[in-house]
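**Student:** have a look; sequence and predicted model below, questions after that.
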Amino acid sequence: MVTSTRSWVRSIAATATSIAALVTVLVVPAAAEPQSGGWTTPRLTVAHRDITDVTGRTVILRGVNANHLVEYAQNGQPLATVVPESDVDYADMAALGFNVVRLNVSWSQLEPTRGAFNRAYVDRIRQAVDQAKAHGIYTVLDMHQDAWGPTIGTPRGAECPGPLQPGIGWDGAPGWATITDGWTTCTIAGQREAAPGVARAFQNFYDDRNGIQGRLVATWARLAGEFKNEPAVAGYDLLNEPNPGLREPIGAADQIGRFYQRAIRAIRVAERGGFEHLAIVEPSALWSAFGTDVLPPAKYLTDPRVVFSPHLYSGSINVSNDIPSVEQGFQIAKNAAAVYNAPLWTGEWGWWSDPSRRASDVARFMRSADAHRIGGAWWSWAQACGDPHAVKGDDTLNDQHHLNIVACPSGVMTGLDRSVAAVLGQAFPRAVPGRLTRTDKRGFAGVGTGRVEAWIPGSARPTAKTTGLSDVELIQVDGGWQFIARSAGRYSASF
């Protein structure tokens, strides 16, 4: 009975939508509709190399990194290392149309002493997830680290032999899991990853020295168990920009892959009784610097919900600047994702330093993201005056410019970088039935049956030209409009 009823409903819907598709429909609402539609956040999965939801829609996740829960090293300076966030921040993200936040979390806070799981910190993570969810925003839980951990900086007063330079502490692993074997923490050319002590600490992790890799695997399992029934948690980014350690490129990629396999297996056990979330994996930190690297072997990443997530910094902080170009970088990443039969999603991008070109650089990146129909997370929502990124450049007294501008040394967030926000907040299809075949800031097209959800920025009521869509609603919200519709077959919308 259920099957026949559903077939009857689908037949009626398909007939009605087919009639609607014969003409082009102009939608110009007389007034903002009540929020009878609104954003939905069904649990996510993977199909046809796309991130999808369990209703059969292709989902484009676009948003921003939030680092307010990271434990950064203080580095002997008095300023706050993070900017506190509140529900207002998530409301502001939603007003840009964002539907994902990559929430950076710290192992040093999750397991500050060996074997002790920090419930208070998990409660803070849960609060952030709930706040994001209330605004229609998914959360990616990102096990963040930079240069291994906060305790690995060069001690104050220690001298580094030339040409080495003192290194500062960053974030990630707890002190008890930091095993450098006395190797120097001085850096080569000031590059945080190019410190022998950092490489040694990572190699000891990959070798599971004193069981430290097993402890992070166990921590991931416990964290995944906390959110195994939460659909608004999109997935787990297993380790931010892993350092290759002391192995040659092929060996380095292999040991990264083995850790991912181990972590995913533990997470899947912990999720029993709930559901499986996306397992987001990155290549080594070298990809962020050079735009490519040896890939972790596919034999370790056979889980059906793996998402490949390199950080695409071509044209910004890439060592060779525009080699590969932004466009080439996307294609290289897309080809790499195909090795795993996985979707591509970039967990970090941005960092263009020239304010006169920043908006055009961001627009160029967005055009490539549209061409490949993928999402990503801008780095970052806000950077505090005492953040190690500022400390490294002796820049703690100057205002910090990310998506929001933070006045320094006061640490007060003064508002969005409007030129960048205007580009990041462009129209896009958040979730569309079946396959998305085209998208750009002016509209989208696809083929499938179900509920369409798209974002359109601006205060003026948009005029939407549609084919193959019915039950179209335009709902005014802060910053723009929710575009809600039903499809049955081929469809398109332009704004």
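**Tutor:** Good, I have the coordinates.

**Student:** longest helix of the chain?
**Tutor:** What stands out as the longest helix in the chain, according to DSSP state H, is helix 249-270.

**Student:** that one packs against which elements?
**Tutor:** Contacts of helix 249-270 with other secondary structure elements, assessed using 3 or more CB pairs under 8 Å, 6 or more residues apart in numbering; DSSP states H and E, are made with helix 196-206, helix 212-226, strand 278-281. C-beta coordinates here come from the backbone N, C-alpha and C atoms, glycine included.

**Student:** output it as CSV, nothing but the C-alphas.
**Tutor:** Below are the C-alpha coordinates for helix 249-270, written out as CSV (Å, rounded to 0.1, in the frame of the first residue of the first chain):
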residue,chain,number,x,y,z
PRO,A,249,57.0,11.0,-0.6
ILE,A,250,55.6,7.6,-1.3
GLY,A,251,56.3,6.3,2.2
ALA,A,252,54.9,9.5,3.7
ALA,A,253,51.6,9.1,1.8
ASP,A,254,51.4,5.5,2.8
GLN,A,255,51.7,6.2,6.5
ILE,A,256,49.1,9.0,6.3
GLY,A,257,46.7,6.6,4.5
ARG,A,258,47.2,3.9,7.2
PHE,A,259,46.3,6.4,9.9
TYR,A,260,43.1,7.3,8.0
GLN,A,261,42.1,3.7,7.5
ARG,A,262,42.6,3.1,11.2
ALA,A,263,40.6,6.1,12.3
ILE,A,264,37.8,5.5,9.9
ARG,A,265,37.4,1.9,11.1
ALA,A,266,37.2,3.1,14.7
ILE,A,267,34.7,5.8,13.9
ARG,A,268,32.5,3.3,12.1
VAL,A,269,32.4,1.0,15.1
ALA,A,270,31.6,4.0,17.3
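
**Student:** hmm, back to that, most tightly surrounded among the helices and strands packed on helix 249-270?
**Tutor:** For the helices and strands packed on helix 249-270, ranked by mean neighbour count under the definition mean count of other CB atoms under 10 Å, the leader is strand 278-281 at a mean of 26.

**Student:** the closest residue to Gln426 other than its chain neighbours: neighbour count?
**Tutor:** Taking CB to CB, 6 or more residues apart in numbering, and ignoring the residues beside it in sequence, Gln426 has Lys441 as its nearest neighbour in space, at 4.0 Å. Taking other CB atoms under 10 Å as the neighbour definition, Lys441 ends up with a count of 17.

**Student:** in what helix or strand does the most centrally placed residue in the chain lie?
**Tutor:** For the chain, the residue lying nearest the average C-alpha position, counting by CA atoms, centre = their mean, turns out to be Gly347 (3.5 Å). Gly347 belongs to strand 346-350 when elements are defined using DSSP states H and E.

**Student:** which helices and strands sit right next to that strand?
**Tutor:** When contacts are defined as 3+ CB pairs under 8 Å, 6+ apart, strand 346-350 packs onto helix 358-372, strand 376-379.

**Student:** can I get these in CSV including mean pLDDT and mean neighbour count?
**Tutor:** As requested, these are exported to CSV (pLDDT from 0 to 100; neighbours: other CB atoms under 10 Å):
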stretch, mean pLDDT, mean neighbour count
helix 358-372, 97, 18
strand 376-379, 99, 25
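
**Student:** the ones you listed: which one's closest to Leu61?
**Tutor:** Proximity to Leu61 (CB to CB) singles out strand 376-379 among the helices and strands packed on strand 346-350, at 7.8 Å.

**Student:** could you export the helix or strand following the closest one as CSV, CA atoms only?
**Tutor:** Past strand 376-379, heading to the C-terminal end, the next element that is a helix or strand (DSSP H and E) is helix 388-392. Taking C-alpha atoms only, helix 388-392 is exported to CSV below (Å, rounded to 0.1, in the frame of the first residue of the first chain):
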residue,chain,number,x,y,z
PRO,A,388,50.1,32.4,15.9
HIS,A,389,49.6,33.6,12.3
ALA,A,390,49.8,37.1,13.6
VAL,A,391,52.6,36.4,16.1
LYS,A,392,54.7,34.8,13.4
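
**Student:** can you give me the helices in this structure?
**Tutor:** When assigned using DSSP H, the helices of the chain occupy the ranges 2-21, 87-94, 107-110, 119-134, 196-206, 212-226, 249-270, 286-290, 326-339, 358-372, 388-392, 418-424.

**Student:** so which of the helices and strands packed on helix 249-270 comes closest to Ile168?
**Tutor:** Nearest to Ile168, of all the helices and strands packed on helix 249-270, is helix 196-206, at 11.4 Å by CB to CB.

**Student:** what average pLDDT does that closest one get?
**Tutor:** Model confidence over helix 196-206 averages 98 on the pLDDT scale.

**Student:** still on that earlier bit, next, format the helices of the chain as a markdown table and append distance to Tyr491.
**Tutor:** What follows is these, written out as a markdown table (distance: least, CB to CB, whole Å):
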| stretch | distance to Tyr491 |
| --- | --- |
| helix 2-21 | 8 |
| helix 87-94 | 25 |
| helix 107-110 | 44 |
| helix 119-134 | 28 |
| helix 196-206 | 48 |
| helix 212-226 | 36 |
| helix 249-270 | 35 |
| helix 286-290 | 36 |
| helix 326-339 | 25 |
| helix 358-372 | 18 |
| helix 388-392 | 43 |
| helix 418-424 | 26 |
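
**Student:** follow-up on the earlier one: residues touching the strand holding Gly347, excluding its own?
**Tutor:** Under the contact criterion CB atoms under 8 Å, 6 or more residues apart in numbering, strand 346-350 has outside partners 65, 102, 140, 142, 237, 240, 280, 282, 288, 309-313, 316, 333, 362, 365, 369, 374-380, 402.

**Student:** save the helices and strands packed on helix 249-270 as TSV, and put in distance to Gly38 too.
**Tutor:** Supplementary listing: the helices and strands packed on helix 249-270 in TSV, determined by distance: least, CB to CB, whole Å:
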stretch	distance to Gly38
helix 196-206	43
helix 212-226	27
strand 278-281	23
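
**Student:** would you confirm that the residue nearest to Gln426 contacts Leu424?
**Tutor:** No: because the distance of 10.8 Å does not satisfy CB atoms under 8 Å, Lys441 is recorded as not touching Leu424.

**Student:** what touches both of these two?
**Tutor:** Met366.

**Student:** not counting sequence-adjacent ones, nearest residue to the residue nearest to the centre of the chain?
**Tutor:** In space, Gly347 comes closest to Ser309 once its chain neighbours are excluded; the distance is 4.6 Å by CB to CB, 6+ apart.

**Student:** please report phi then psi for the one you found.
**Tutor:** As for Ser309, its main-chain torsions (degrees, to the nearest 10) stand at phi -140, psi 70.

**Student:** next one: it from Leu61, what distance?
**Tutor:** Using CB to CB, to the nearest Å, one obtains 11 Å as the distance from Ser309 to Leu61.

**Student:** and what of Leu141?
**Tutor:** From Leu141 over to Leu61 the distance is 13 Å, taken as CB to CB.

**Student:** just Val122 next, same as before
**Tutor:** The value you get for Val122 to Leu61, if CB to CB is used, is 23 Å.

**Student:** which of the residues in stretch 487-495 are buried?
**Tutor:** For stretch 487-495, the buried set under the neighbour-count rule, 16 or more other CB atoms under 10 Å, comprises Ser487, Ala488, Tyr491, Ser492, Ala493, Ser494, Phe495.

**Student:** in strands only, show me these.
**Tutor:** With DSSP state E as the criterion, strands contain Ser487, Ala488, Tyr491, Ser492, Ala493, Ser494 from among the buried residues of stretch 487-495.

**Student:** from those, which shows the smallest pLDDT?
**Tutor:** In terms of pLDDT, the least confident member of these is Ala488, at 95.
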